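Colleague: any chance you could fold what I've pasted below:
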Amino acid sequence: MGRIGILLGLMAIALIVVTWFSRTNAARQKWLASLELPGSWAQDAPPEGQAPVFFLFNGELSKGTYELRQQDTVTQGKWRISQSSLILSDSNEDEVSYEIRFFDKGKIGLDGADLDHQTFSKQTDNIVPLRRT
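Modeller: Predicted coordinates:
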């Protein structure tokens, strides 16, 4: 009975681990689908004296390519989501990490580096607005 008990205990632990992993993965996929990052995003209220920031994310729900526009500067590279962080890698392989705060469908906040406590709204069209001087 000892070996059978150990075997049943191990099977129960394996079942618990598989169930936990499955639920965690399902919750992550639901969060990524709600976030719906691919598309155009515009900064809601840039800090005083700064030009607004525009992102264009292409790819899957958790990774792809991006284009960042601020005034006359355009940066391109790859993006990925790791846990609740957005990680941008430019063409020089320099990485910048932002903590993502999901407020509502089409509304996120980025926290970190040069975009500390900034909110962004998803644009409903495919046109990235450019600032005209």
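
Colleague: below-threshold pLDDT in this structure: ranges please.
Modeller: 1, 125-133 (pLDDT under 70).

Colleague: strands along the chain, start to end?
Modeller: Remark: strands assigned in the chain by DSSP state E are 39-43, 53-59, 63-70, 73-82, 85-90, 95-104, 107-111, 118-122.

Colleague: could you export these as CSV, including mean neighbour count and distance to L32?
Modeller: Quick note: C-beta positions are derived from backbone N, CA and C, even for glycine. Putting those into CSV (neighbours: other CB atoms under 10 Å; distance: least, CB to CB, whole Å) gives the following:
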stretch, mean neighbour count, distance to L32
strand 39-43, 19, 13
strand 53-59, 19, 12
strand 63-70, 18, 10
strand 73-82, 15, 7
strand 85-90, 17, 12
strand 95-104, 14, 10
strand 107-111, 18, 12
strand 118-122, 18, 14
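
Colleague: for these, which one sits closest to L10?
Modeller: Closest to L10 of the strands of the chain is strand 73-82 (CB to CB; 31.6 Å).

Colleague: which residues are in contact with the residue nearest to G39 when sequence neighbours are not counted?
Modeller: Nearest residue to G39 in three dimensions, chain neighbours excluded: K122, at 5.5 Å (CB to CB, 6 or more residues apart in numbering). Contacts for K122 (CB atoms under 8 Å, 6 or more residues apart in numbering) come out as E36, G39, S40, W41, G106, K107.
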